[in-house]
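*Asks:* Sequence and predicted structure, then a few things I'm wondering about:
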Protein chains: 2
Amino acid sequence: MPQYADSLTDANRAFLTDLFPGDGCVFETEQLNAFSTDASRERSMPWAVVRPECREQVAELLQWADAERMPVYPRARATGQVGNTVPSLHGVTVSLLRMNRIIDIDGRDFAAEVEPGVITSDFQAACAEKGLFYPPDPASVKISTMGGNISTCAGGLRAVKYGVTRDWVLGIEAALPGGKVLTMGGRSQKDVVGLDLKRLFVGANGKLGLITRATVKLIPLPEASSSILVGFADLAASMDGVTAVFGAGLLPCACEFMDATTIKALRLLGDIPLAPEAQAALLFKFDGTAEGVAAEVRRLKEALVPLAVSMEAGEGEAEEAVWAARREISPGSYRLRPNKLSEDLAVPRGRVPEMVDIAHKAGADAGLPVLCYGHLGDGNIHANIMHDAQRPGELEAAHRVKEQLFRAAVKLGGTISGEHGTGLTKASFVPEQLGADQLHYMDAVRRIFDPNEIMNPGKGW
Amino acid sequence: MPQYADSLTDANRAFLTDLFPGDGCVFETEQLNAFSTDASRERSMPWAVVRPECREQVAELLQWADAERMPVYPRARATGQVGNTVPSLHGVTVSLLRMNRIIDIDGRDFAAEVEPGVITSDFQAACAEKGLFYPPDPASVKISTMGGNISTCAGGLRAVKYGVTRDWVLGIEAALPGGKVLTMGGRSQKDVVGLDLKRLFVGANGKLGLITRATVKLIPLPEASSSILVGFADLAASMDGVTAVFGAGLLPCACEFMDATTIKALRLLGDIPLAPEAQAALLFKFDGTAEGVAAEVRRLKEALVPLAVSMEAGEGEAEEAVWAARREISPGSYRLRPNKLSEDLAVPRGRVPEMVDIAHKAGADAGLPVLCYGHLGDGNIHANIMHDAQRPGELEAAHRVKEQLFRAAVKLGGTISGEHGTGLTKASFVPEQLGADQLHYMDAVRRIFDPNEIMNPGKGW
């Protein structure tokens, strides 16, 4: 590990106060406290928080930080679940929330330019007003930012049809350690000149530089959508259901899955639009022209009649009701146990049944309920390992289950994270997935942009 | 420029003969001749051609080549238009055509694994047999290979809806200079662990290593498609037409454009299904369910009625007829002049009218016909600068036009190549587009994988 600054000197404070006047700079413990953690609940105190309002401030900050060997932690709404914004080696946290302008949404270019602090759903709403669509929709979309989504390569429900954040980024402007501002890509939808550096920054978790602006691709806003919640007697039938739907030539924009434990948790909260005998469920969404969507729903029903025990479709305002159950999973899960480890394994799509079986078995062996649900359409399963941290041994048992699931996912040709990243909570498992060779080349690429490794240090990839 | 081997020694020949027995190795001038050029018609002789059949041979070759500082040129069907496979500094050409196995097409994983020498349309046909779809479709799809498509990040007609090759690559296995074989990514549709090295190899034009295997994403094969050729009185009306179609919320899988000069060239060949007064044309394709496609075509017609002078739709077998004109552009163009410079500029979609105007004006000033056509939907315009190389000054004039177009594309926020790459023919223009900073980082990343720069040297990015 490189040598880092071991404190914030008076000269450092003077520099920061000068560069970020007024409340642009925070040193008081009470205020810093709010920046010490994120949705992971991991915790470590920064020495200072700064709030840049323009790229020039970011560049000057990174010139200084590189010279001072000062760890720098990018942060926006801190919705990440793995501790990626936690200043684990202290240093300076950079809140990008004041760089929150939508520069431009262009219906001729089908492109938009944003600063990193723009809330993603605000941006989507602004696009929709112009009949345009930015598809990536992580669960946090109403509170997380474009910069955070890009830094983590956020996924979401619609990834089956539309891909993840990386697929929508056309250009990145980033400030690098040392103070250079690098502009990569632009508004052109196609470009094969040079290495695709911009997309290397997507999902780099702030380890290459600080994103100060991004250009994303848009498409026309689909005029209609429709969703359908389908109940199955058991897990196997639901997996056959997925095969039948894709086999009918249908490409839903979302294809979500819930296992028996998830359904049980939801039933503890109230009624759900599923047959009482349903022990597994699939939730599909289609979008496009009204006629196209109606046809897809009709085909889906035809394909699933022999397999399903219930089907509840909804469009327009009724569509939200179909999705209510999906949104209640998190609150519902806590009816089973007061604590959870929330993991997001991804495996090749055909290996999902095996992965879910392994998760159930590992939970049963440990005496812990494990909820499996999530983005079946792209093999990305959220496994919630429920436990009671107050009961002796349960937290440790939960961690052992998590470890088993990680090993199994990698063995099945998958990954320990389809969306959340690795940050602090999964850092120790990264080498098992990537192996020494990939890690060697990733670290070498990282050091080209950040030779002194000041950017978000102490985290997994 | 690094120091390279200045000839093939007897020891080198012995090594190659041993590693590639029988006709796996070629040294005779007459045979080498066929490997000295590609669709660019640039020409330079390799000292040897080798034909590996497995990754182990490729790895051993690159271990040797790195030690010997021997330039290595990957080559498949050599359909590239910019000279990327031409062994401009001599050295050894590696033909990947014997590594042509489709390892696996998996309808549960919605993924396939291929060796680099598989012909792309053969692969697509094998997918279609299983009801699966691999969308990227460069014009060369019937002769070019998956490895070549990946190395160049091939685009194609369907990029508007489905993106380019990069968007479909899940995993890459590549042999690196020095002999290491690096496996990046895999069959998981989502994965956020680590930097996205695999996609860095897509479009790297063989400058990072030799791709020995690739895993790509598939989707269900759409059951229906329909195309429609729309004539307009002038260029401005056709551009309004595009705006009307996208504004109606439609996302065609192809949206092609032809200008007046292109239409004139086509009419010299024979009848085309366009009104006689049409001076610009758009060609759309939609795919999906039969009902969805029918609805999209209906909406498109409604949107274009006020703007178009003719509309000719076709589905099923009649669809091919609609596309026949598009395919005749290249032969038709030679009716105007015997030679062409074929460039593929891309600009932000809204800047296409300006770019086309600039191209027409530059052509008129030089007294040369310039055909503009191509992938309007993603701002990627093929500009063919027609000339007669036998007439004094015409070739030089064509090159001056090309230079003007490159400068204009960059100035409009675009790129000198949306699909073809830069290779030999555009190498000198690359710095103007990328600038010193991006080039610095690209070269630094390249040297991590290829410190002695033996991979496809002497080319633009």
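*Replies:* On my side now, so go ahead.
*Asks:* Quick one: name whatever helix or strand follows the strand or helix carrying A:Leu371.
*Replies:* According to DSSP states H and E, A:Leu371 maps onto strand A:370-375. Next helix or strand after strand A:370-375 toward the C-terminus (DSSP H and E): strand A:380-387.
*Asks:* which residues are there in the stretch 51-200 of chain A that come within reach of chain B?
*Replies:* Contact residues (CB under 8 Å from any CB of the partner chain) of the stretch 51-200 of chain A with chain B: A:106-111, A:131, A:152-153, A:155, A:159, A:163-164, A:166-167, A:180, A:182-184, A:186-197, A:199-200. For the C-beta atoms, the positions are set from N, CA and C on the backbone; glycine is no exception.
*Asks:* Report the inter-axis angle for the lowest-mean-pLDDT helix or strand in chain A versus strand A:370-375.
*Replies:* Ranked by mean pLDDT, DSSP states H and E, the weakest helix or strand in chain A is helix A:318-327, scoring a mean of 89. Interaxial angle, helix A:318-327 versus strand A:370-375 (axes from the mean of the first three to the mean of the last three CA atoms, to 10 degrees): 140 degrees.
*Asks:* Now tell me what touches helix A:318-327 from outside.
*Replies:* A:225-229, A:256, A:258, A:266, A:272-274, A:281, A:283, A:285, A:312-314, A:373 (CB atoms under 8 Å, 6 or more residues apart in numbering or on different chains).
*Asks:* How is chain A divided into domains?
*Replies:* A:10-97, A:102-220, A:224-330, A:337-431 (automatic domain parsing).
*Asks:* May I see the ones you listed organised as JSON lines, with mean neighbour count added?
*Replies:* Compiled in JSON lines, the domains of chain A are given as follows (neighbours: other CB atoms under 10 Å in any protein chain shown):
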{"stretch": "domain A:10-97", "mean neighbour count": "19"}
{"stretch": "domain A:102-220", "mean neighbour count": "23"}
{"stretch": "domain A:224-330", "mean neighbour count": "20"}
{"stretch": "domain A:337-431", "mean neighbour count": "22"}
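*Asks:* could I get the ones you listed as CSV with distance to B:Leu304?
*Replies:* What follows is the domains of chain A, written out as CSV (distance: least, CB to CB, whole Å):
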stretch, distance to B:Leu304
domain A:10-97, 43
domain A:102-220, 15
domain A:224-330, 16
domain A:337-431, 34
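*Asks:* which stretch among the ones you listed comes nearest B:Val50?
*Replies:* Proximity to B:Val50 (CB to CB) singles out domain A:102-220 among these, at 26.3 Å.
*Asks:* What are the boundaries of the helices in the stretch 351-461 of chain A?
*Replies:* According to DSSP state H, counting those that start in this stretch, the stretch 351-461 of chain A carries its helices in the segments A:352-366, A:394-411, A:430-449.
*Asks:* other SSEs contacting the last one?
*Replies:* With contacts defined as 3 or more CB pairs under 8 Å, 6 or more residues apart in numbering or on different chains; DSSP states H and E, helix A:430-449 has these neighbours: helix A:394-411, strand B:181-185, helix B:197-201, helix B:430-449.
*Asks:* Over to the second one?
*Replies:* The criterion is 3+ CB pairs under 8 Å, 6+ apart, and the helices and strands that helix A:394-411 contacts are strand A:339-346, helix A:352-366, strand A:380-387, helix A:430-449.
*Asks:* Make a markdown table out of the ones you listed and add mean pLDDT.
*Replies:* Compiled in a markdown table, the helices and strands packed on helix A:394-411 are given as follows (pLDDT from 0 to 100):
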| stretch | mean pLDDT |
| --- | --- |
| strand A:339-346 | 95 |
| helix A:352-366 | 97 |
| strand A:380-387 | 97 |
| helix A:430-449 | 97 |
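*Asks:* still on that earlier bit, B:Glu115: which of the helices and strands packed on helix A:430-449 is closest?
*Replies:* Among those, the nearest to B:Glu115 by CB to CB is strand B:181-185 (13.6 Å).
*Asks:* list the helices and strands the closest one packs on?
*Replies:* Using 3+ CB pairs under 8 Å, 6+ apart, the elements in contact with strand B:181-185 are helix A:430-449, strand B:169-175, helix B:197-201.
*Asks:* Can I get those in JSON lines including distance to A:Leu62?
*Replies:* Shown next, in JSON lines, are the helices and strands packed on strand B:181-185 (distance: least, CB to CB, whole Å):
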{"stretch": "helix A:430-449", "distance to A:Leu62": "11"}
{"stretch": "strand B:169-175", "distance to A:Leu62": "32"}
{"stretch": "helix B:197-201", "distance to A:Leu62": "23"}
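*Asks:* follow-up on the earlier one: determine which of the helices of the stretch 351-461 of chain A approaches A:Gln3 most closely.
*Replies:* helix A:430-449 (14.8 Å).
*Asks:* And the contacts of that closest one?
*Replies:* A:176-177, A:200, A:204, A:207-209, A:406-407, A:410, A:415-416, A:422, A:453, A:455, A:460-461, B:180, B:182-184, B:193-195, B:197, B:441, B:444-445, B:448-449.
*Asks:* Next: stretch A:5-13.
*Replies:* Taking CB under 8 Å, 6+ apart as the rule, stretch A:5-13 contacts A:Phe27, A:Trp47, A:Ala48, A:Glu68, A:Arg69, A:Met70, A:Pro71, A:Gly91, A:Val92.
*Asks:* cutoff 7 Å now
*Replies:* Outside stretch A:5-13, the residues within contact range by CB atoms under 7 Å, 6 or more residues apart in numbering or on different chains are A:Phe27, A:Trp47, A:Ala48, A:Glu68, A:Arg69, A:Met70.
*Asks:* Return the subset of those residues lying in helices.
*Replies:* A:Glu68 (DSSP state H).
*Asks:* what two of the contacts of stretch A:5-13 have the greatest distance between them?
*Replies:* Greatest spacing in those, by CB to CB: A:Phe27 and A:Arg69 (19.4 Å).
*Asks:* Check the closest residue to chain B within the stretch 101-250 of chain A and give its pLDDT.
*Replies:* Among the residues of the stretch 101-250 of chain A, A:Arg108 lies nearest to chain B; the distance is 2.9 Å by CB to the nearest CB. pLDDT for A:Arg108: 93.
*Asks:* can you check the one 5 residues further on too?
*Replies:* The model reports A:Glu113 with a pLDDT of 98.
*Asks:* And for A:Glu317?
*Replies:* 84.
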